[in-house]
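> using only what follows, build the 3D model:
(2 chains)
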Amino acid sequence: MIRAGLVGLGKMGMSHHAIFNAHPDIRLAAICDSSQYVLGILNKYTGVKCYDDYRRMIDEEGLDCVVVATPSRTHAEIVGYALARGLHVFCEKPFVLDPHEGEALVELARKAGLVTQVGYHYRFVGAFREGKKLLDAGVLGRIHHVRAEAYGPVVVRASGSTWRGSRSEGGGCLYDYASHAIDLVNYLVGPPTSVSGTVLNGLFSRDVEDEVYSTFHFSSGASGQLAVNWSDDSYRRMTTRISVWGTNGRINLDRQECQIYLREQGDAVPEPGAGWTVRYTTSLAEPVWFYLRGEEYSAQIDYFVQAVKERRTENVNSFESALATDRVVQMLLRDAESPRPEWSGPLTAQTERNRSGFVKSIKKMFSG
Amino acid sequence: MHRILFGDNQFFGINHMSEEKARAQAMRFQDTQAILEVLEAAYEEGIRVFMCTTHERVAEVCNHFRTNASRFPDFVFYPCMPYAHKYANAVTEHGIVEALRRFLPQQGALGVLLRGSVSVARKDVETIARLLIDAEMKMFAGLKTPVIFLQNVVSDLLLGMGVKDGFRTFADYVRERYGAEPGFITMNLPRLLDALASVGIENPIVCSNINKIGFRMCGGMPKYEELLRTRRFRAIAMSVFASGAIPPREAIEYACKLDGVESIVFGASNRANIRQTRKLIGEYWGV
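Got it, this is the predicted structure:
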């Protein structure tokens, strides 16, 4: 049995509580939260041991691993403490707010040979995994564009008083929603080398953005677009969609479907053939031992547990991989604050010369 | 328990196969009149049960059936609570304690309880649970609700966390206050049956995915089939068509021929599909 401890009992913490507790190889030894009220209820109803200080929990419980599901600002400190004491760590997304801290944690885990994982659960959704398989097999030819979108109804009026509404705590649409879309881009086509045209706009929130838009640039020459809005209540719940265009067709992915359009059937894989192929979650979802809200939440935990059992440090959602996502988030934050070109008279002489041919041809059209 | 139950996923933009299809349905049924027309068609086709979530729009459906009670004398509701997105969104927006406070009546003592860091007694939690059940049941006042279900998100959360007494609290209160049979929806049938047995809930009504391709039958199809044969419980099959992945006849044949399936819940958006499914079930079950 692997002894696990859980820090943070918000929405994701509760969900992890249920899934870890239901895992046949896990003994959920203790939980930790700052709310005495929530701890009181859980202790009375489940008998699980409760702490209000994660350091004490880690020092006293003889744990093998710890799950960190606290507000994002606190991740680095708690993860660092756990790694330093030789524990494997599953951390909720986003990994950390400061990539320098992230780098140090990646290094710490690497030296100690510990298993690390971040909760980017979309990488465990059948349709996205199928998409990854097809993209890796090269069915689309040379990839030239990717579009990542996420919409949902989190903030649809001016209110809210939790950490999710505070930038310094790691709240906001960028950390909460856009990070998922960015992580999927990294997973499916690799991280962008630069970003431009980033827009972070508040609609209802006072202190954070409610919508995020940006253009991605990849080393291959491919481009990407990000469009995320968590104030869209035409969606019942968070909906994340990735579209990828290549020289041989396109692929559309969401939680339910993998739609592929191929101009020509590839040599590499016998399927899919030319034209449209649609694969649904009913055939793509792999069975899990326990289901709560979606296969992906259980699948990612089982993957972590198996990694801990085998001490396998290579991980599809390792700290290193999540750090790459944090870095893109940093690029977006920086780009959003950079100056934008405004009209300030004619362009440089060089560009002017290039344009003059165009102006002459227009004049000729009208005079001739 | 009725054998053919009409579900509500199609009315609220829920489709496990396609986001586009889900949106098209949400558009079609954004006017409650469109929902009522389908429900009336279902009634005319001989269906007598609407198994529905406590979605706020179901309140309008309830109004219609209350006002026109004489036209539908034997129509009953099987409420499934809670409509979880309402709570999940509130928890994201306000945090757990504040969200809870917003859903509960603003009574003095309770407000104090939730605000303070006073030690929590078991009876306080049960009081909160009862108040939440009452809040969800309000829309069904004056209608027949012979079975009341706990939704799978909550059943399976309690199940995973090991809060088995929660099932007992729900069952006792639903019986005592509403004179109804408690029902449980789950994606983890084998595990839930053990949990219910362990808190003394005998011969429970349990609704779970039962379909020919084993879609979301956690614990595995063979285990489900074995339990249906050997365990004493009243099984309702849902997701029989696996969101359209199984052809209708094949889907219904599988569910109807399984020993132990007492009822089937299905959703449909028009009279033709209701009639077809009703007829197929009739063929295999003779109902």
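
> just checking, residue B:215 touches residue B:244?
No. Using CB atoms under 8 Å, residue B:215 is not in contact with residue B:244, being 10.9 Å away. In this view, the C-beta of every residue, glycine as well, is placed from N, C-alpha and C.

> residue contacts, residue B:173?
B:129, B:130, B:133 (CB atoms under 8 Å, 6 or more residues apart in numbering or on different chains).

> that one sits in which helix or strand?
Assigned by DSSP states H and E, residue B:173 belongs to helix B:165-178.

> list the buried residues for that helix?
Buried residues in helix B:165-178, counted by 16 or more other CB atoms under 10 Å in any protein chain shown: B:165, B:166, B:167, B:168, B:169, B:170, B:171, B:173, B:174, B:178.

> from chain A, how far off is the fifth one?
Using CB to the nearest CB, to the nearest Å, we find residue B:169 at a distance of 10 Å from chain A.

> what sits against that residue?
Going by CB under 8 Å, 6+ apart, residue B:169 touches B:126, B:129, B:130.

> from what I can see the last one touches residue B:178, true?
No. Between residue B:130 and residue B:178 no contact is recorded; they are 11.1 Å apart, counting by CB under 8 Å.

> now for the two: what residues contact both?
With CB under 8 Å, 6+ apart, residue B:130 and residue B:178 have no common neighbours.

> what about whichever residue of the stretch 101-250 of chain B sits closest to chain A, is that helix, strand or coil?
Closest to chain A within the stretch 101-250 of chain B is residue B:160: 2.6 Å, counting by CB to the nearest CB. Using DSSP: H, G, I helix; E, B strand; the rest coil, the secondary structure recorded for residue B:160 is helix.

> touching, it and residue A:288? I think so.
No. In this structure residue B:160 lies outside contact range of residue A:288 using CB under 8 Å: 11.9 Å.

> who touches both of those two?
Counting by CB under 8 Å, 6+ apart, no residue touches both residue B:160 and residue A:288.

> please tell me how far residue A:238 sits from residue A:230.
8 Å (CB to CB, to the nearest Å).

> more neighbours: these two, which one.
residue A:230 (30 against 17; other CB atoms under 10 Å in any protein chain shown).

> and the helices in chain A, which stretches?
Taking DSSP state H, the helices of chain A run over residues A:11-22, A:36-46, A:54-60, A:75-84, A:99-112, A:126-136, A:173, A:179-189, A:281-284, A:295-310, A:319-337, A:349-367.

> which one of these is the most hemmed in?
Highest mean neighbour count of these: helix A:173, a mean of 27 (counted as mean count of other CB atoms under 10 Å in any protein chain shown).

> now do the contacts for residue B:36.
Contacts for residue B:36 were tallied using CB under 8 Å, 6+ apart; they are B:61, B:64.

> and it, how close does it get to residue B:45?
Separation of residue B:36 from residue B:45 (CB to CB): 15 Å.

> would residue B:23 count as being in a strand?
No. Residue B:23 is assigned helix when assessed by three-state DSSP, not a strand.

> and the helices of chain A: which comes nearest chain B?
Chain B lies closest, by CB to the nearest CB, to one member of the helices of chain A: helix A:11-22, at 2.6 Å.

> between helix A:36-46 and the closest one, find me the angle.
On the basis of axes from the mean of the first three to the mean of the last three CA atoms, to 10 degrees, helix A:11-22 is oriented at 20 degrees to helix A:36-46.

> and the angle from helix A:11-22 to helix A:295-310?
Orientation check (the same axes, to 10 degrees): helix A:11-22 against helix A:295-310 gives 60 degrees.

> quick one: is helix A:11-22 near chain B?
Yes. For helix A:11-22, a contact with chain B is found by CB under 8 Å from any CB of the partner chain, at A:11, A:14, A:15, A:17, A:18, A:19, A:21, A:22.
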